[in-house]
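Enquirer: Predicted model, plus sequence, below.
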Amino acid sequence: MSAAQLVGVFLASILTENYILCKFFGICPFLGVSKKLDTALGMSAAVTLVMVISTAVTWPIYTYLLVPNDMDYLRTLVFILVIAGLVQLIEIVMKRYLTSLYRALGIYLPLITTNCAVLGVTMLVLDKGAEDPSFGYLAALINAFGAGIGFLIAMVMFAGVRERLESADIPESLRGLPITLVSAALVACSFLGFSGIADKLL
Amino acid sequence: MFLLSDILSAVTLVGVIGLIVGVVLVIASLVFAVPVDERAAAVREQLPGANCGACGFSGCDGYAEALSKGKAKVGLCTVGGEETAKAVASLIGADAGSFEKKTAVVHCSGTCDVTRKAAAYQGEKSCKAASMLYSGVGKCTFGCIGFGDCAAVCEYGAISVVNGAAIVDRDKCRACGACVAACPHGLIVIEPAIRHASVMCSSCDKGNVTTKACKAGCVGCMRCTKACEAGAITVMNEHAHVDFDKCTACGKCAEVCPRNIIKMI
């Protein structure tokens, strides 16, 4: 893959294939941790890290261990296992060196384990690789990184929206989660406008 | 059709990967282990967990750690009060000392009866927002705005806005200081809960301006300073201040105050 194509993969994973706003993965942290900007940033950084590292680990496991042994049907199981281990590892390291972020993220950090966005990235890059043989290890990593950045952008944007919602005069029956879901839908609609942009780049 | 070997190899593969992940995690948890101070954990159990920061540390965890290392005094937790102080003291083997109960006091008595609104305000019902607009909506630009930002942050329901001015319920107040930070006019002060004189006005305007704005405003006439035998009252920034350490709660200042705003609380 040429450098321009890799840039196209990166941009596509942020805009047209945004894991939260276009594919609707990872809605739990999207709604749960987006109340404050700093926790949203911390969570997105953690998710990005997990996405890249888990793709870096699961791609070789799939390509060199599962496929040659005709056991690619096991990939969901194996990937979940590896991702869970990685999240635990990051949690241990974070507890030691980033204590304040560790406390701020709370339950959402272990929940990255079951975050479907992470599993989604690791599985979907394999499908892309199967469709297009030139989509290799590097492209997969860039795709995972872009997915993380897309996650970050969605979280930060939505944290901004929610901070505005705090002081808005909302009808009583819509206060809290209902208005959050409505505004999430509107933010997702705005990302429809990007469809087609990155196709030209690829 | 599945063969036994297929099942076995799948089980082996997942098992081996699980084993590797497990071993890595065990090694990591040993390498990156966080030393947990058992005494700090025990002290933390005794603290109320309000994480208000009234003790001056970053929440209850921070205070517990400082306590266990002997870097902090025992009676700093105003929320837990005397009980917590005693429990913590017995844990770390220190003297509980005498616990001084504190309470928040709103230094403004500008209710709707004595002062008026300067303009009809229709914006966000929050003191912080209103204070950004010509220092609030009242005639007095130093007084209580009355939208109850302090009442909103109070975890214990101790503050209520009555007739346009905030009032602290001293039985419920735990002196955590959340309201002190929330008041944009800085009217709320954490004071000792023992009986003392308190000036219920914080206006920094000259006397004549204060008089026009509010019937319950301190004009800085100095009568209280002269009446006070303990020398506890001084007039700074155009209004009187009481030094709690010197105040003997004799009540003479309250008697001479022409505006009737020194209260014995």
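Expert: Thanks, I have the structure now.

Enquirer: what comes into contact with stretch A:59-75?
Expert: In this structure, residues lying in contact with stretch A:59-75 by Cβ atoms under 8 Å, 6 or more residues apart in numbering or on different chains are A:58, A:78-79, A:82, A:122-123, A:125-126, A:129, A:137, A:140-141, B:9-10, B:13-14, B:17. C-beta: built from backbone N, CA, C; applies to glycine.

Enquirer: Nearest residue to the middle of chain B?
Expert: With distances taken as Cα atoms, centre = their mean, the residue of chain B nearest its centroid is B:G177 (0.6 Å).

Enquirer: For that residue, give me its contacts.
Expert: Residues counted as contacts of B:G177 (Cβ under 8 Å, 6+ apart) are B:C52, B:G53, B:A54, B:T78, B:A104, B:I190.

Enquirer: Same question for A:M157.
Expert: For A:M157, the contact set (Cβ under 8 Å, 6+ apart) comprises A:V187.

Enquirer: Smallest distance to chain B belongs to which residue of chain A?
Expert: Nearest residue of chain A to chain B (Cβ to the nearest Cβ) works out as A:G85 at 3.4 Å.

Enquirer: and the next element down the chain from the host helix or strand of that residue?
Expert: With elements taken from DSSP states H and E, the one containing A:G85 is helix A:75-97. Of the helices and strands lying after helix A:75-97 in sequence (DSSP H and E), the nearest is helix A:99-105.

Enquirer: what's the spacing between stretch B:16-26 and its chain's center?
Expert: If you compare the mean C-alpha spot of stretch B:16-26 with that of the full chain, they lie 48 Å apart, counting by Cα atoms, centre = their mean, to the nearest Å.

Enquirer: pLDDT of that stretch, averaged?
Expert: For stretch B:16-26, the mean per-residue pLDDT is 91.

Enquirer: Equivalent analysis for stretch A:126-137, please.
Expert: Mean per-residue pLDDT for stretch A:126-137: 85.

Enquirer: outside of it, which residues touch it?
Expert: By Cβ under 8 Å, 6+ apart, the residues outside stretch A:126-137 that reach it are A:M1, A:Q5, A:V9, A:W59, A:P60, A:Y62, A:R75, A:V125, A:A139, A:A140, A:N143.

Enquirer: Now the helix or strand harbouring B:K263: buried residues?
Expert: Assigning secondary structure by DSSP H and E places B:K263 in strand B:262-264. Of the residues in strand B:262-264, those buried under the neighbour-count criterion (16 or more other Cβ atoms under 10 Å in any protein chain shown) are B:I262, B:K263.

Enquirer: ditto for stretch A:3-10
Expert: A:Q5, A:L6, A:G8, A:V9, A:F10.

Enquirer: What of stretch A:26-43?
Expert: A:G26, A:P29, A:F30, A:L31, A:V33, A:S34, A:T39, A:A40, A:L41, A:G42, A:M43.

Enquirer: show me what contacts whichever residue of the stretch 1-150 of chain B sits closest to chain A?
Expert: Using Cβ to the nearest Cβ, the single residue of the stretch 1-150 of chain B nearest to chain A is B:V21, 3.4 Å away. Taking Cβ under 8 Å, 6+ apart as the criterion, B:V21 is in contact with A:L81, A:V82, A:A84, A:G85.

Enquirer: So for the third one, what's the nearest residue that isn't a sequence neighbour?
Expert: Excluding the flanking residues, the one nearest A:A84 by Cβ to Cβ, 6 or more residues apart in numbering or on different chains is A:T113, at 4.6 Å.

Enquirer: Let's see which of the contacts of stretch A:59-75 end up in helices.
Expert: Among the contacts of stretch A:59-75, the members falling in helices (DSSP state H) are A:58, A:78-79, A:82, A:122-123, A:125-126, A:129, A:137, A:140-141, B:9-10, B:13-14, B:17.

Enquirer: would you list every one of the strands in the stretch 1-150 of chain B?
Expert: With DSSP state E, counting those that start in this stretch as the criterion, the stretch 1-150 of chain B has strands at B:102-106.

Enquirer: thinking again about what came up before, buried subset of the ones in helices among the contacts of stretch A:59-75?
Expert: Restricting the ones in helices among the contacts of stretch A:59-75 to buried positions leaves A:58, A:78-79, A:82, A:122-123, A:125-126, A:129, A:140-141, B:10, B:13, B:17, with burial counted as 16+ other Cβ under 10 Å.

Enquirer: now for these, which pair is the farthest apart?
Expert: Set against one another by Cβ to Cβ, these have their most distant pair in A:L141 and B:A10, with a gap of 27.6 Å.

Enquirer: which parts of chain A sit against chain B?
Expert: If contact is defined as Cβ under 8 Å from any Cβ of the partner chain, the residues of chain A in contact with chain B are A:61, A:65-66, A:69, A:71, A:74, A:77-78, A:81-82, A:84-85, A:88-89, A:92-93, A:95-97, A:167.
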